[in-house]
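Engineer: fold the stuff below for me.
(one chain, ligands or ions: 1)
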Amino acid sequence: MNETSKTISFDHVSIERSGTTIIRDLTVQLPDQRVGIIGRNGSGKSTLVRSLNGLLPVSAGSLHVHGVSAEEGAKKLARVTGFVFQNPDHQLIFPTALEELSFGLRQLGVGKADAKAQGLALLQDHGIAPLAERPVHELSEGQKQLICILAVLIMEPKLVVLDEPFSSLDLRTRAALRRKLEKLDQQVIFVSHELDALSDYDKVLWIEDGAVKQFGAPSDVLAAYQEHELSGADLHFEGAARA
Ligand SMILES: Nc1ncnc2c1ncn2[C@@H]1O[C@H](COP(=O)(O)OP(=O)(O)OP(=O)(O)O)[C@@H](O)[C@H]1O
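Structural biologist: Presented below is the predicted three-dimensional model:
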């Protein structure tokens, strides 16, 4: 494996949504194992990370994710990048948790019985085996979110992208998942408004108006972001209103 194959590289990347350029001419290399992404509402964080598994195409520039070029297509990107959505209803497609977990493994060529056994073992590890056969639509938001995260982790992608996935999780589940993320060998990209959750990450990328505002050590970037966002008496909803 050469260096390029372990790195995310955005080179003068632009990304459009509904004809509007959201990410503009963004260049950054992300070789670090755990990278946090921060920025105001509407700054372009989700748009940026959605390009990593081909959910959104790059409209200009070049993107490489662990040796795969975005030009090779969404399917190839999706094979290296597991993506956990903000909203579980955008991710869950099967009637039960166990089917959701088994499906990914079946796609990777694992036999039916093995896939089921591995899915069940993972649910057991997280103390939620009783949810295995429950209809997904009957689960709480937090339970659904946990299933989404496990459905990605069970496939052991080279890159795990989490787009603000902890908002419905209780304290205990959050802490357990954080510990799990810490132990992962894969690269993790974590979009979050919870700055404390990123303080021990390797690097933090601050996105503003679809461009890199700052990229560096968490201690520097998180402090600069807080200072920038909370200083001044004229706090208003500029970021949230950008549309
Ligand atoms: N489907 C869409 N079509 C057109 N524009 C969109 C679409 N989705 C998002 N946008 C716009 O793209 C911009 C960036 O949105 P994005 O969701 O990437 O921001 P974000 O930084 O992830 O925000 P948040 O912190 O609120 O999740 C916003 O101006 C938003 O209105």
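
Engineer: can you give me the helices in the protein?
Structural biologist: Secondary structure of the chain (DSSP state H): helices located at 45-50, 74-80, 97-107, 112-125, 141-153, 171-183, 218-230, 238-241.

Engineer: using CSV, list the CA coordinates for the fifth one.
Structural biologist: Put plainly, it is helix 141-153. The C-alpha trace of helix 141-153 is given here as CSV (Å, rounded to 0.1, in the frame of the first residue of the first chain):
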residue,chain,number,x,y,z
GLU,A,141,-34.3,7.3,17.0
GLY,A,142,-31.2,6.4,19.1
GLN,A,143,-31.7,2.7,18.6
LYS,A,144,-32.0,3.3,14.8
GLN,A,145,-28.9,5.4,14.8
LEU,A,146,-26.9,2.8,16.6
ILE,A,147,-28.0,0.2,14.0
CYS,A,148,-26.9,2.5,11.2
ILE,A,149,-23.5,2.9,12.8
LEU,A,150,-23.1,-0.9,13.3
ALA,A,151,-24.3,-1.6,9.8
VAL,A,152,-21.4,0.5,8.5
LEU,A,153,-18.8,-0.9,10.9
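
Engineer: quick check: angle from that helix to helix 112-125?
Structural biologist: Following axes from the mean of the first three to the mean of the last three Cα atoms, to 10 degrees, one obtains 130 degrees for the angle between helix 141-153 and helix 112-125.

Engineer: next, the angle from helix 141-153 to helix 97-107.
Structural biologist: If you take the same axes, to 10 degrees, helix 141-153 sits at 20 degrees to helix 97-107.

Engineer: buried stuff in helix 141-153?
Structural biologist: Residues of helix 141-153 classed as buried by neighbour count (16 or more other Cβ atoms under 10 Å): 142-153. (C-beta placed from N, C-alpha, C; glycine too.)

Engineer: for the second one, same thing?
Structural biologist: Of the residues in helix 74-80, those with enough neighbours to count as buried (16+ other Cβ under 10 Å) are 76-80.

Engineer: which parts of the protein sit against the ligand?
Structural biologist: Counting by Cβ under 6 Å from any ligand atom, the chain comes close to the ligand at 17-18, 20, 22, 39, 41-47, 242-243.

Engineer: closest one to residue 95 out of these, please.
Structural biologist: residue 46 (27.2 Å; Cβ to Cβ).

Engineer: circling back: lowest average pLDDT across the helices of the chain?
Structural biologist: The weakest mean pLDDT among the helices of the chain belongs to helix 238-241, with a mean of 54.

Engineer: okay, now residue 95: neighbour count?
Structural biologist: 13 (other Cβ atoms under 10 Å).

Engineer: got the contact list for it?
Structural biologist: Shown in contact with residue 95 (Cβ atoms under 8 Å, 6 or more residues apart in numbering): 135-136.

Engineer: ramachandran angles for it?
Structural biologist: Dihedral pair for residue 95: phi -70, psi -30, per degrees, to the nearest 10.

Engineer: before we move on, the earlier item: can you redo the helices of the chain as CSV with distance to residue 199?
Structural biologist: CSV is the format used below for the helices of the chain (distance: least, Cβ to Cβ, whole Å):
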stretch, distance to residue 199
helix 45-50, 18
helix 74-80, 27
helix 97-107, 31
helix 112-125, 27
helix 141-153, 21
helix 171-183, 11
helix 218-230, 5
helix 238-241, 22
